[in-house]
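1. how would this look folded up:
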Amino acid sequence: MVAYAPSDVQTVTVNPPHGCGQPHVRDTTDTWIVNCGPCNKHLTSVLGWGGTKSEAPETYDERLQREDRERRGSQELEKATGDAMTEIAKMPGALEKLAAILAGQAPAEVVRCASGHANPVAARFCSDCGAPMGELISAMVPDAPQAALSAPQPSPRASGKRKPLKDMRAEDLKALARQKGLSDDGTRLQVLERIRAAR
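-> The predicted structure is shown next:
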């Protein structure tokens, strides 16, 4: 157990029977950690020093600075939110769309991956093929009918493409092993190694 000192303490001595009786002097301008078995329990439990860096007590000035940063951050966030809402209100139909999103009835806006699969606008990866959504081939499709969005997309297997073995799920690997006349017993890794060995 160690004790993390407040930043304004330069030296401390804990007399017996609660400590070793020797002075401990700050030797750094950074976080000061006292590592003295006899003293640490007294320093943390009685004087309130921290058992971790984040638990080290704040000085009066540090507390004022933190509270000021929090107050300023809150004010800046409120101002930025107000400015954003003002800009959104200037867009035609934006308030209606925002209300629909907040009500859980988001408009059917999608982006498509390089393979053409429909995904939500905020998606980072395609939910069908896993491609990064940075590789977009078409932009938003506003207010697309829900039926068009839910229409099944061709899988890579149906289009003649197959995932690399290392990317296949356990059930796909086991099905492939059975197709090749191999045993599908064991873990995903064991089945994968069996298929690779049979190549």
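
2. CA atoms for contacts and neighbours, from now on please.
-> Noted.

3. so T13 bridges to which residues?
-> Counting by DSSP bridges, T13 is bridged to P23.

4. give me the element G73 is part of.
-> Under the criterion of DSSP states H and E, G73 resides in helix 60-90.

5. Which elements pack onto that helix?
-> Applying 3 or more C-alpha pairs under 8 Å, 6 or more residues apart in numbering; DSSP states H and E, we find helix 60-90 packed against helix 94-102.

6. in the protein, which residue is closest to the centre?
-> R124 (13.3 Å; C-alpha atoms, centre = their mean).

7. quick one: pLDDT of A151?
-> The model reports A151 with a pLDDT of 41.

8. The one 5 residues further on too?
-> P156 is assigned a pLDDT of 46 by the prediction.

9. Please apply the same query to A148.
-> pLDDT at A148 comes out at 42.

10. V25 now?
-> pLDDT, read off for V25, is 93.

11. Give me the number of neighbouring residues for it.
-> 13 (other C-alpha atoms under 10 Å).

12. Same check on Q65?
-> 12.

13. what do you get for W32?
-> W32: 19 neighbours (other C-alpha under 10 Å).

14. In contact with it, which residues are there?
-> Contact analysis of W32 by C-alpha atoms under 8 Å, 6 or more residues apart in numbering lists Y4, A5, P6, S7, R26.

15. Next, format the residues you listed as a markdown table and append neighbour count, distance to A56 and secondary structure.
-> Formatted as a markdown table, the contacts of W32 follow (neighbours: other C-alpha atoms under 10 Å; distance: C-alpha to C-alpha, whole Å; DSSP: H, G, I helix; E, B strand; the rest coil):
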| residue | neighbour count | distance to A56 | secondary structure |
| --- | --- | --- | --- |
| Y4 | 23 | 5 | strand |
| A5 | 28 | 6 | coil |
| P6 | 19 | 6 | coil |
| S7 | 16 | 8 | coil |
| R26 | 18 | 15 | coil |
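
16. and of those residues, the nearest to N35?
-> Of all the contacts of W32, N35 sits closest to Y4, with 8.9 Å by C-alpha to C-alpha.

17. Which strand residues bridge that closest one?
-> Bridge pairing for Y4 - DSSP bridges - gives I33, G50.

18. roughly how far apart are it and E78?
-> 36 Å (C-alpha to C-alpha, to the nearest Å).

19. Kindly report the same for V12.
-> From V12 to E78 the distance is 44 Å (C-alpha to C-alpha).

20. Now tell me which helix or strand of the protein has the poorest mean pLDDT.
-> helix 146-150 (a mean of 42; mean pLDDT, DSSP states H and E).

21. check contacts around M133.
-> R112, C113, A114, A123, R124, F125, C126.

22. Good, wrapping up.
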